[in-house]
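> Structure for this input, please:
(one chain, ligands or ions: 1)
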Amino acid sequence: MDAIRIENLRKSYKNHEVLKDVSLSVKQGEVFTLLGENGAGKTTLIHILATLLHADAGTVTILGESLAEKPDKVRELISLNSQSNTLDEAFSGYENLKLIAELRGVKDVKAEITRISERLNLDSFLKRKVAEYSGGMRRRLDIAMSLVGDPSLIFLDEPTTGVDPKNRIEIWKTIQEIRDSGKTIFLTTQYLEEADRISDHIGFIHDGRIVLSGTPEQVKQKAEKHYLLELDATDFDQGLALLQEGNLSYQLTDKTIELNETVAQEALQILLAKGISVEKFNLAEVSLESIFLHVTGNEGEK
Ligand SMILES: Nc1ncnc2c1ncn2[C@@H]1O[C@H](COP(=O)(O)OP(=O)(O)OP(=O)(O)O)[C@@H](O)[C@H]1O
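Sure, this is the predicted structure:
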């Protein structure tokens, strides 16, 4: 069974069409990461999936339950964590967890908090007021809050924004541990390295649609290949002139010439035929970042 199945979802705010036609499925027990530029509609989509917002059209099934027909049932199966908004500063971490546990109707609140605190290693700071927490502690408490009541599907909206690299790695570990315990995690992030490292599947949302999806490796394979070319310094200017004469487009970073797959072999042949000394010619490593820029049409602007 899919944890999430979305078909032809649409949502507009007045006449601003944010989700034009979103279809997507997320398997149970995986970390799925939704990527998209600012304003692409990630939060809107998460809010629809978490029953906070109504879609205009389309169908959503969460763990076999229809979102439109059984929103209450869906609410029992999920939790949503949205960037520290839910934490009460004046309370301790423990009290925050207690409050949410009571709200969610957890029977043995104390045992539930102990379970979560042990899993996320929160003991050292749960008694302190949230107002005194560092950014990293807050995000860990946020994640703890989303585990209360043992939901099967957890939405994390930018769980590591504003977190330093050390704590970020801790949070990644935690997310993977939660996944390994059989939960499904749907997250958004601004950090492409994070998506690459912790996701089982990723999806890019752009212009109201999922334009690319798959495992990070599959997505990278779908991207157009680029080759990196380096010339001997004495031949550099002549080499560039030959590429220009041949109308072969390239991008230049320092002294490295980047060519896309369609022109790379031709460029190499032209250069070698004219006796240009080629020092390096190899396939560029594809990063999610370069794919993201390509997908969103911002290539070259960065
Ligand atoms: N309540 C609302 N009323 C009107 N427009 C809205 C509302 N909420 C969001 N929008 C608009 O919808 C678009 C998508 O917003 P959304 O917050 O879903 O994007 P996002 O991908 O989560 O962005 P970010 O990465 O910046 O958080 C934006 O243009 C935003 O201004």
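> Is Val202 in contact with Gly36, as I believe?
One thing to correct before we go on: residue 202 is Ile, not Val. No. In this structure Ile202 lies outside contact range of Gly36 using CB atoms under 8 Å: 10.6 Å. (Each C-beta comes from the backbone N, C-alpha and C, glycine too.)
> which of those two has more neighbours?
Ile202 (26 against 23; other CB atoms under 10 Å).
> got a list of what the more buried one touches?
Shown in contact with Ile202 (CB atoms under 8 Å, 6 or more residues apart in numbering): Phe32, Thr33, Leu34, Leu35, Ala195, Ser213, Gly214, Thr215, Pro216, Val219, Leu288.
> residue of the stretch 201-302 of the chain with the smallest distance to the ligand?
Ile205 (7.2 Å; CB to the nearest ligand atom).
> element containing that residue, please.
In this structure, Ile205 sits in strand 201-206 according to DSSP states H and E.
> right, and the helix or strand after that strand?
strand 209-214.
> tell me the angle of that following strand relative to strand 201-206?
Inter-element angle recorded for strand 209-214 and strand 201-206: 160 degrees (by axes from the mean of the first three to the mean of the last three CA atoms, to 10 degrees).
> Quick check: mean pLDDT of the next helix or strand after strand 209-214?
Once the chain leaves strand 209-214, the next helix or strand it forms, by DSSP H and E, is helix 216-222. For helix 216-222, mean pLDDT rounds to 85.
> when you give positions from now on, start the count at 4
All right, first residue 4 from here; so that's helix 219-225.
> quick one: buried residues of whatever helix or strand comes next after helix 219-225?
The helix or strand immediately downstream of helix 219-225 is strand 229-234, counting by DSSP H and E. By 16 or more other CB atoms under 10 Å, the buried positions in strand 229-234 come out as His229, Tyr230, Leu231, Leu232, Glu233, Leu234.
> Ok, stretch 290-304 next?
In terms of neighbour count (16+ other CB under 10 Å), stretch 290-304 has its buried residues at Leu291, Ser293, Ile294, Phe295, Leu296, His297, Val298, Thr299.
> what do you get for stretch 32-46?
Glu33, Val34, Phe35, Thr36, Leu37, Leu38, Gly39, Glu40, Ala43, Gly44, Lys45, Thr46.
> near the ligand too, which of the residues you listed?
Gly39, Ala43, Gly44, Lys45, Thr46 (CB under 6 Å from any ligand atom).
> Secondary structure element holding the closest residue to Asp5 other than its chain neighbours?
Using CB to CB, 6 or more residues apart in numbering and skipping the chain neighbours, the partner closest in space to Asp5 is Ser28 (4.7 Å). Using DSSP H and E, Ser28 maps to strand 19-30.
> list the helices and strands the very next helix or strand once past that strand packs on?
Once the chain leaves strand 19-30, the next helix or strand it forms, by DSSP H and E, is strand 34-38. On a contact count with 3 or more CB pairs under 8 Å, 6 or more residues apart in numbering; DSSP states H and E, strand 34-38 meets helix 45-52, helix 168-183, strand 187-191, helix 195-201, strand 204-209.
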